[in-house]
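Asks: Below is the sequence, then the predicted model.
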Amino acid sequence: MKTFLGDLIDKLRLSNPSIDSIATGKTLYISGPPQLEQAHRFKKDLSFRELASQGFISGTNKEEFMIIDGAVPSTLTVRIVYDEDMQIN
């Protein structure tokens, strides 16, 4: 099963990311300190549809994420567009 956050972290080659949903304002993942990483780790195993159904992302056809990572000199904003079946386009 593909996981959205795990794939995003791998594809963007992030090393210590913090990922937040702009629409919901919720933290999807944070790499440290260890207590916070542990509290958010389970979300790395969720699909895009599962993140939406659990209210971590908005579930509209466009999502924006704010990503902060020590390997990247500035904050990234990533926009994901998907169809009604929640397949990423």
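Replies: That came through, no problem.
Asks: show me where the chain has strands.
Replies: With strands called from DSSP state E, the chain shows them at 18-21, 27-30, 62-68, 76-81.
Asks: name the helices or strands packed onto the second one?
Replies: Which is strand 27-30. helix 4-11, strand 18-21, helix 34-40 (3 or more C-beta pairs under 8 Å, 6 or more residues apart in numbering; DSSP states H and E). Heads up, the C-betas are built off the backbone N, CA and C, glycines and all.
Asks: Most tightly packed of the ones you listed?
Replies: Ranked by mean neighbour count, the helices and strands packed on strand 27-30 are led by strand 18-21 with a mean of 21 (mean count of other C-beta atoms under 10 Å).
Asks: model confidence over it, on average?
Replies: The average pLDDT within strand 18-21 is 95.
Asks: Just the CA trace of it, in PDB.
Replies: Output of strand 18-21 as PDB, limited to C-alpha atoms (Å, rounded to 0.1, in the frame of the first residue of the first chain):
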ATOM      1  CA  SER A  18       7.800  19.100   9.400                       C
ATOM      2  CA  ILE A  19       4.700  18.800   7.200                       C
ATOM      3  CA  ASP A  20       1.500  20.800   7.900                       C
ATOM      4  CA  SER A  21      -1.800  21.000   6.000                       C
END
